[in-house]
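> I need the structure of the sequence given here:
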Amino acid sequence: MDLELSGKIAVVTGTSVGLGREIARVLAGEGVRTVIVARRAKLLTTLQDEIERSGGPRPLALPLDLHEPDAAARIRDAAISAYGRVDIVINNAGGSRPIPWDSPDAAWDESFSINFTAVRRTTQTLLPGMIERRWGRILCVTGSAEPSSVNAAVAAKAGVHAWAKGLSREIGRHGITINCLSPGRIHSEQIDQRLHPTPESQAEFARNIPLGYFGDPADLAFLAAFLCSPKARYITGERIHVDGGLHRAV
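Numbering: from 1, shown residues only. Okay, the predicted model is just below:
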């Protein structure tokens with residue numbers, strides 16, 4: 001299937017490793033010109049080289065910390081300077097923040113800054129151009145809505161779900177869609193090095209997954225590419241689980 005993505009311009013955040021990196025590679029394989037954003041400049045360079053070697057257009061790399069108040073404006077300005085527009089925004093940057101229930105405000109504020117505010121700010125900064133051209137795709141990589149303990153990131157990402165649903169009601173008339181992808185146990189730096197660092201831990205948890213195994217970043221990236229395409233024009237305001245059937249809530 002031709003996803004009709006060749007020539008589109010995408011901003012992808014959190015691309016140093018894992019899901020964001022794979023999404024950028026899959027989009028580039030479809031002919032998308034990408035702006036890849038992450039803090040670790042060396043990993044961005046290796047991603048540029050990988051994409052170019054595979055025949056995709058070499059990305060524009062922006063080593064940025066999305067905590068910075070001017071990060072979204074810098075992304076917009078760099079993308080417009082290089083490509084003239086942005087058609088697709090993939091809000092992938094973020095991270096889990098398990099904390100004690102009585103943590104101080106600073107711990108909560110830090111999580112909401114990267115897991116909610118940076119997502120909102122980046123989207124709001126890039127939306128006007130999409131509205132002007134009457135086409136756009138926004139994806140937010142979020143997470144579970146069924147936490148096993150207090151996690152400030154889960155709370156922030158629940159805010160992203162609600163915000164994205166509301167936003168979908170306002171931007172649909174401009175030909176723009178926004179959706180959330182909720183990954184389950186997918187091999188990534190966070191899952192493999194922090195949450196389940198041993199084969200035994202992964203095997204034990206996999207018994208809770210109906211499909212019986214952890215996913216790979218490509219399992220989410222291929223869906224992301226479809227949702228970014230003109231083929232997915234009638235899907236918006238959704239939260240789609242990519243978790244092997246792990247979640248139970250309706």
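
> Identify the residue nearest E4 in space, chain neighbours excluded?
Counting by Cβ to Cβ, 6 or more residues apart in numbering, E4 lies nearest to P230, which is 4.8 Å off, once chain neighbours are set aside. To be clear about C-beta, it is placed using only N, CA and C from the backbone, and glycine gets the same treatment.

> what sits against the most centrally placed residue in the chain?
Residue closest to the average C-alpha location in the chain (Cα atoms, centre = their mean): N92, at 2.3 Å. Listed by Cβ atoms under 8 Å, 6 or more residues apart in numbering, the contact partners of N92 are V12, T13, G14, T15, L19, G20, I23, V141.

> Okay, and which of these map to helices?
Counted as lying in helices by DSSP state H, out of those, are L19, G20, I23.

> can you tell me how far the last one sits from C180?
In this structure, I23 lies at 14 Å from C180, with Cβ to Cβ, to the nearest Å as the measure.

> cool, H247 as well?
Counting by Cβ to Cβ, the gap from H247 to C180 is 13 Å.

> Show the backbone phi and psi for the residue in the chain sticking out farthest from the centre.
Ranked by distance from the centre of the chain (Cα atoms, centre = their mean), the top residue is D102, with 29.1 Å. Backbone torsions for D102, taken as degrees, to the nearest 10, come to phi -100, psi 30.

> and it, what pLDDT?
Model confidence at D102, expressed as pLDDT, equals 87.

> max-length strand in the chain?
strand 176-183 (DSSP state E).

> just checking, what packs against it?
helix 118-133, strand 136-141, helix 152-171, helix 217-228, strand 239-242 (3 or more Cβ pairs under 8 Å, 6 or more residues apart in numbering; DSSP states H and E).

> Minimum distance to S81: which of those has it?
S81 lies closest, by Cβ to Cβ, to one member of these: helix 118-133, at 13.0 Å.

> next one: that closest one to chain centre, how far?
15 Å (Cα atoms, centre = their mean, to the nearest Å).

> now it against strand 136-141, angle please.
Counting by axes from the mean of the first three to the mean of the last three Cα atoms, to 10 degrees, helix 118-133 lies at 170 degrees to strand 136-141.

> Please save the CA atoms from helix 118-133 in CSV.
The C-alpha coordinates for helix 118-133 follow below in CSV (Å, rounded to 0.1, in the frame of the first residue of the first chain):
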residue,chain,number,x,y,z
ALA,A,118,6.1,20.2,26.2
VAL,A,119,3.6,18.2,24.1
ARG,A,120,1.0,20.9,24.3
ARG,A,121,3.5,23.7,23.6
THR,A,122,5.1,21.9,20.6
THR,A,123,1.7,21.2,19.1
GLN,A,124,0.4,24.7,19.6
THR,A,125,3.5,26.2,18.0
LEU,A,126,3.2,24.1,14.9
LEU,A,127,-0.6,24.0,14.5
PRO,A,128,-1.0,27.4,12.9
GLY,A,129,0.9,26.4,9.7
MET,A,130,-1.2,23.2,9.5
ILE,A,131,-4.4,25.2,9.8
GLU,A,132,-3.3,27.6,7.1
ARG,A,133,-2.6,24.7,4.7
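
> buried sites along stretch 7-26?
8-26 (16 or more other Cβ atoms under 10 Å).

> measure it end to end?
14 Å (Cα to Cα, to the nearest Å).

> Ok, stretch 64-76 next?
End-to-end distance (Cα to Cα), stretch 64-76: 12 Å.

> quick one, which of H247 and C180 is more surrounded?
With neighbours defined as other Cβ atoms under 10 Å, H247 and C180 compare such that C180 has more, 25 against 13.
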